[in-house]
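In: quick one: sequence plus predicted model below, questions after.
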Amino acid sequence: MLTKKVKKRILFLVSIVFLTAVSIFFIFKVLNDNLLYFKTPSEIKKDENLDFQRAIRIGGMVKQNSLSATSKEIKFIITDMKNEIIVSYSGAIPNLFAEGKGVVAEGKLKDRNYFIAEKILAKHDENYMPPELKKNVK
Amino acid sequence: MLSNLGIFSIVLTLLISFLLVYNSTILFKKNNQILLQKIINLSLSQLFFSILCFILLIYGYVSSDFSLINVFQNSHTSKPLFFKIAGTWGNHEGSLLLWINILVIFSYFFLIKGKNYNINFRLITLIIQNFLIIGFLLFLLITSNPFVPIYPVPSEGLGLNPILQDPALAIHPPLLYVGFVGSSIYFSAAIASLMTNFKGKEFANSIKTWVLISWVFQSLGIIVGSIWAYYELGWGGFWFWDPVENASLMPWFVITALMHSVIVLEKRNTIYSWVIILCLLTFILSVTGTFLVRSGILNSVHTFASDPSRGLYILIYLSIMVVGSFLAFFKYQQKEIYNFSLKSKETFVLVNNWFMLFFLITVILGTLYPIFLEVLIQKKISVGPPFYNILIIPIVIPFLIFMAIGPKISWIKHNSVKIWPIIYLLILATILNFIIIYFFGSYSILTNLIIISAIFLIINTLIDLKNSFAKKGDSSFSRIISHLGFAFLIFFIGINNHFSLEKDFNLKVGDKVKFENYKLDFKDLSIKERKNHKAIIGNFIFLNKMTGVEEKLFPEIRIYDQPKTLTYEASIKTKLSHDVYLTMSNIERSDYYNIKFQKKNFMIWIWLSAFIITIGGFLRLFKKN
């Protein structure tokens, strides 16, 4: 027969372990649901099983002379020097968003060549380039 | 000249640090009063020379001495004096020097303020603190020397990144650094405490003030940084789960947990080992945060100084620190007896700690998981804000409830928890919540729960406040202020989050747009030449058709020459009930301007509530025991 004190302690330990396990499991589940994969236009071209429902990030350079704007949206082309993808976007553009500069767009693919962005991220560094692109340019 | 002087005083500081370690070790073996005085003098001269280094560097910036690479790269003669001075710590090398200065300042004051404590405890603390100082001095000399000369001397500097030329950002790094680096002293003290068996209440007493100081400064630093991001980066919000923001939040969770636990150790002489772990963890996470930010692993606003060799050095340093401190912990740790019942204040403090650790684990995983995944499977991913929102927001609800009940519970054993007052107050909070809904419109169930629990905490804390005034010499006043600040913070975040309005447009000069009950009119553009930049200023009129109130807004696009950069300056009209926020950016080869409009409810109250939290800390600091 276990004493009351030992029982209490076991109960305490079990509940701690249980709570920790549940929270870690929960955290990982939410984490996996909210991962945003980063892809370049070339990777999208190659990718066999694209998920058009899931938000992704695409990165590259804003192609020269590709930017156009209407009152509704901004259109431009993201290129990684090999392949490119058209991006349509209506929303706020950040500092340092310009042709010939690095850009990361977050949103969903409409098809392999057309991307609807919900957010545009640019880095607060005038020389920023997505890491993959650095290799290609070099 | 300046370069030589600077390097000379760095080396001298390093030398004194070695002497301090040497003398303290000798004194540790044989008690000798003369030697103690010598150590205090050495510590004072260490303080003198490390501050001298910093003053020399500031002088280099003020006098625009471009013979130093560091000044050349980060300053410019046309910069206003204030930003020349602030530029000293606006870069990696200078900020590292500031870091070392704070290490030394804390080391000195801990030594002279701790006269009543065990001499061996003070000496070991000093030795460990000086190991930390030596490590960072070597780091400074090897990889990031701010006094490296350049020849031939350039006639003009490259200038400071314009987004860093801002009063909030001038004070943000020093505040945050005092908070981060201040935690070094109780890291050292924790190890010393283990080694010299100086523990329990006395140990809690010796670190209490330092924990409070670093907590206050860390909190202030985070708030100021957040305000800066709000108006300067054009992010238009108060928190974005940006990796760098997260890096500053990680130690904050632990230090907040520590601040609560150290009271338990002081009053009840229990959970000693846990306090030690928190002490170690706070500084380790502070250095980890610095490593993440400085190494360029995290791509963010702060990665202006990425250099792999620096990252590697900090990583090695960090590993030694982690392994060393935890070896010490397991070697000297002793068995402890815990005697408090489940229904006691001790348990509630541990519940607070449990929540803090949950928040910490969430933020660590969200921030570090992408890095691990990239290394492991070569996939680039990022974790979006929904991750944090899903995990943290629901947990805040029980957290607030516990926070309201906890302080009322007594130490050791609380006989009967009265259920009815809690239920009455919960009902009252729910009614108040529905009154808000009645006047402002409805919101989601989750927001309802958040608002209810926040109001519940507000009411409870106000009752505590009333009781605290009734009792003379009550010590809970500072706690009440901080908790009240936190309750209001969550309350206003909930309201703000739900009722804010955000719209983006592409507009030409002369365009008008209507949305909901508002009208935005893009009148015209003007150009202004200023001292160090040219500004394109938009002239907007924002009309609220319901109230007929008109606001004039002037967002700017600034073109800087030194260095060549474009920045967007938000135009913000702050009122008690809401902020109107407008940024304007140009779109290349088009007449359209990209306009981001936001109406943020109760924005100023979010900042105020956050400041109130730190005011509580200040009050505790100045309260005489």
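Out: That came through, no problem. Numbering: from 1, shown residues only, chains lettered A, B, ... in the order given.
In: near chain A at all, the host helix or strand of B:Lys519?
Out: If you go by DSSP states H and E, B:Lys519 is part of strand B:518-529. No - on the criterion C-beta under 8 Å from any C-beta of the partner chain, strand B:518-529 is out of touch with chain A, staying 11.4 Å away. All C-beta spots, glycine's among them, are computed from the backbone N, C-alpha and C.
In: what pairs with that strand, parallel or antiparallel?
Out: Strand B:518-529 pairs in its sheet with strand B:512-515 (antiparallel), strand B:533-544 (antiparallel), by DSSP bridges.
In: residue contacts, the residue nearest to A:Phe52 when sequence neighbours are not counted?
Out: Of all residues not flanking A:Phe52 in the chain, A:Leu109 sits nearest, at 5.3 Å (C-beta to C-beta, 6 or more residues apart in numbering or on different chains). Counting by C-beta atoms under 8 Å, 6 or more residues apart in numbering or on different chains, A:Leu109 touches A:44, A:50, A:52, A:56, A:115-116.
In: list the buried ones in the strand holding B:Lys519?
Out: B:518, B:520-522 (16 or more other C-beta atoms under 10 Å in any protein chain shown).
In: what about the strands in chain A?
Out: Using DSSP state E, the strands of chain A run over residues A:35-39, A:56-62, A:68-69, A:74-79, A:84-89, A:102-111, A:114-121.
In: now those as TSV including distance to B:Leu220 and mean pLDDT?
Out: Supplementary listing: those in TSV, determined by distance: least, C-beta to C-beta, whole Å; pLDDT from 0 to 100:
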stretch	distance to B:Leu220	mean pLDDT
strand A:35-39	32	86
strand A:56-62	34	88
strand A:68-69	41	89
strand A:74-79	39	92
strand A:84-89	37	93
strand A:102-111	32	88
strand A:114-121	28	89
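In: go through the ones you listed and name the closest to B:Ser590.
Out: Across the strands of chain A, B:Ser590 has its closest neighbour in strand A:68-69 (4.2 Å, C-beta to C-beta).
In: what comes into contact with the closest one?
Out: Contacts of strand A:68-69 (C-beta under 8 Å, 6+ apart): A:74-76, B:506, B:587, B:589-590, B:592, B:594.
In: again, 6 Å this time
Out: When contacts are defined by C-beta atoms under 6 Å, 6 or more residues apart in numbering or on different chains, strand A:68-69 is touched by residues A:75, B:506, B:587, B:590, B:592.
In: pairing partners for it, with directions?
Out: Paired strands of strand A:68-69, defined by DSSP bridges, are strand A:74-79 (antiparallel).
In: tell me the buried residues in the partner strand?
Out: Those would be A:74, A:76-79, for strand A:74-79 by 16+ other C-beta under 10 Å.
In: next: stretch A:103-112.
Out: So stretch A:103-112, judged by 16+ other C-beta under 10 Å, has buried residues A:103-107, A:109.
In: please apply the same query to stretch B:583-603.
Out: Neighbour-count burial for stretch B:583-603 [16+ other C-beta under 10 Å]: B:583-588, B:592-603.
In: restrict those to those near chain A?
Out: Restricting the buried residues of stretch B:583-603 to those touching chain A (C-beta under 6 Å from any C-beta of the partner chain) yields B:585, B:587-588, B:592, B:594, B:596.
In: number of nearby residues for B:Glu516?
Out: By other C-beta atoms under 10 Å in any protein chain shown, 11 other residues sit near B:Glu516.
In: of all the strands paired with strand B:518-529, which one is nearest B:Phe492?
Out: strand B:533-544 (21.1 Å).
In: I'd like the next helix or strand past the closest one.
Out: Strand B:533-544 is succeeded, C-terminally, by strand B:549-553 (DSSP H and E).
In: so what strands line up beside that following strand?
Out: strand B:533-544 (antiparallel).
In: what does the strand it pairs with rub up against?
Out: B:518-528, B:550-560, B:580, B:584.
In: average pLDDT for that strand, rounded please.
Out: In this model, strand B:533-544 has a mean pLDDT of 92.
In: any idea how far it is from the middle of the chain?
Out: 33 Å (C-alpha atoms, centre = their mean, to the nearest Å).
In: what distance do you get for B:Ser309 to B:Lys523?
Out: Relative to B:Lys523, B:Ser309 is positioned 53 Å away (C-beta to C-beta, to the nearest Å).
In: point me to the helix or strand that includes B:Val363.
Out: helix B:345-377.
In: show me what counts as buried in that helix.
Out: Buried residues in helix B:345-377 (16+ other C-beta under 10 Å): B:345-370, B:373-374.
In: which parts of the stretch 151-300 of chain B sit against chain A?
Out: So the stretch 151-300 of chain B never meets chain A (C-beta under 6 Å from any C-beta).
In: per-residue confidence at the closest residue to B:Ile395 other than its chain neighbours?
Out: Nearest residue to B:Ile395, sequence neighbours excluded (C-beta to C-beta, 6+ apart): B:Phe358, at 6.2 Å. At B:Phe358, the model reports a pLDDT of 92.
In: kindly report the same for B:Phe340.
Out: 75.
In: find the nearest non-adjacent residue to it, please.
Out: B:Glu346 (4.2 Å).
In: I figured the one you found was touching B:Val264, is that so?
Out: Yes - look at B:Glu346 against B:Val264 with C-beta atoms under 6 Å: they come within range, at 5.4 Å.
In: show me which residues of the stretch 401-550 of chain B are close to chain A?
Out: So the stretch 401-550 of chain B meets chain A at B:504, B:506 (C-beta under 6 Å from any C-beta).
In: dump the residue contacts of the residue in the stretch 401-550 of chain B that chain A sits nearest to.
Out: Residue of the stretch 401-550 of chain B nearest chain A, by C-beta to the nearest C-beta: B:Asp504 (4.6 Å). When contacts are counted by C-beta under 6 Å, 6+ apart, B:Asp504 touches A:91-92, B:596.
In: show me which residues of chain A sit near chain B.
Out: Residues of chain A lying near chain B (C-beta under 6 Å from any C-beta): A:23, A:27, A:30-31, A:34-38, A:67, A:69, A:71, A:91-93, A:95, A:98-99, A:124.
In: helices - which of those land there?
Out: A:23, A:27, A:30-31 (DSSP state H).
In: output the below-cut-off pLDDT ranges for the stretch 351-500 of chain B.
Out: Along the stretch 351-500 of chain B, the parts satisfying pLDDT under 70 run over B:473-474.
In: now do stretch B:159-173: distance from first to last residue.
Out: 19 Å (C-alpha to C-alpha, to the nearest Å).
In: how distant is that stretch from the center of its chain?
Out: The answer for stretch B:159-173 is 16 Å, by C-alpha atoms, centre = their mean.
In: in it, what counts as buried?
Out: Going by 16+ other C-beta under 10 Å, stretch B:159-173 has these buried residues: B:159-166, B:168-173.
In: and the two most separated of the residues you listed?
Out: Top of the distance list for the buried residues of stretch B:159-173 (C-beta to C-beta): B:Gly159 and B:Ile171, 20.5 Å.
In: which stretch of helix or strand covers B:Leu484?
Out: Counting by DSSP H and E, B:Leu484 is part of helix B:477-499.
In: in its sheet, what does the next helix or strand after that helix sit against?
Out: Moving toward the C-terminus from helix B:477-499, the first helix or strand encountered (DSSP H and E) is strand B:501-507. Using DSSP bridges, strand B:501-507 pairs in its sheet with strand B:593-601 (antiparallel).
In: if we can go back for a sec, and the least confident of the ones next to chain A among the buried residues of stretch B:583-603?
Out: B:Glu588 (80).
In: noted, bye for now.
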